[in-house]
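J.: test case, fold it:
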Amino acid sequence: MQKKRGVALFIALVISAIVLTVGIGILTTVFKEIRFSAFGKESAEAFYAADTGLECALYWDFHEAEEDRPFFATSSDSSLPTSAFAWCIDDAVDGPDGEKLADMNWNVVKDSNSATTTFMLRYPPNVANQDAPCIDVTVIKYMDVAVQKTKIESVGRNSCNTNDPRRVERAVRVAY
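T.: Numbering: from 1, shown residues only. Just a heads-up that it's a prediction; the model follows:
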């Protein structure tokens, strides 16, 4: 009878170890699900930033087309826009001649058949926080068999911080 004294303790330890292992497995799964759901939020934030940039570029491209003058650079006109482009997200500053010009790192490159305008937006505007979403927009206007074509690509990021390990990038494109 003396040899059976530790059996109850051994069974209790085995059952405790099994319960602990199952509990740790469930906890690990829960943490992965929480991280996955946070990724969904960050992905949506990046997508909505990209959509904001695209809608803003489309608005100004069509708005200026109604007035028969290009807003974005073309192969025959490569000047920077002088309209209040950034009013799409309320982020404009006065340009050198008093016009409203967005403080968005405009860049225009052109050749005989095409012109590419690139710029950056931040949302919300005027935020110095590097963790705020940012948007890079590229507008390409080119001639295709005597017809002007346009391609717009808007890349949204949930964070402007390049060192953020959870930085997510989403892009939307349109061509017409």
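J.: any chance you could map the strands in the chain?
T.: Residue ranges of the strands in the chain, as given by DSSP state E, are 92-94, 100-102, 107-110, 114-122, 134-144, 147-157, 169-175.
J.: the third one: how far from the chain's middle?
T.: Between the centre of strand 107-110 and the centre of its host chain there is 22 Å, according to Cα atoms, centre = their mean, to the nearest Å.
J.: adjacent strands (with direction) for that strand?
T.: Take DSSP bridges as the rule and strand 107-110 pairs in its sheet with strand 114-122 (antiparallel).
J.: now the spatially most central residue of the chain: how far from I34?
T.: The centroid of the chain falls nearest to G156 when counting by Cα atoms, centre = their mean (1.5 Å). Counting by Cβ to Cβ, to the nearest Å, the gap from G156 to I34 is 24 Å. The C-beta positions use only the backbone N, C-alpha and C, and glycine is treated the same way.
J.: what about the helices in this protein?
T.: With helices called from DSSP state H, the chain shows them at 7-66.
J.: which stretches of it have low pLDDT?
T.: Low-confidence segments of the chain, defined by pLDDT under 70: 1-4, 64-69, 75-104, 123-129.
J.: how near is D144 to R157?
T.: 31 Å.
J.: which of those two has more neighbours?
T.: R157 (23 against 9; other Cβ atoms under 10 Å).
J.: cool, thanks, talk later.
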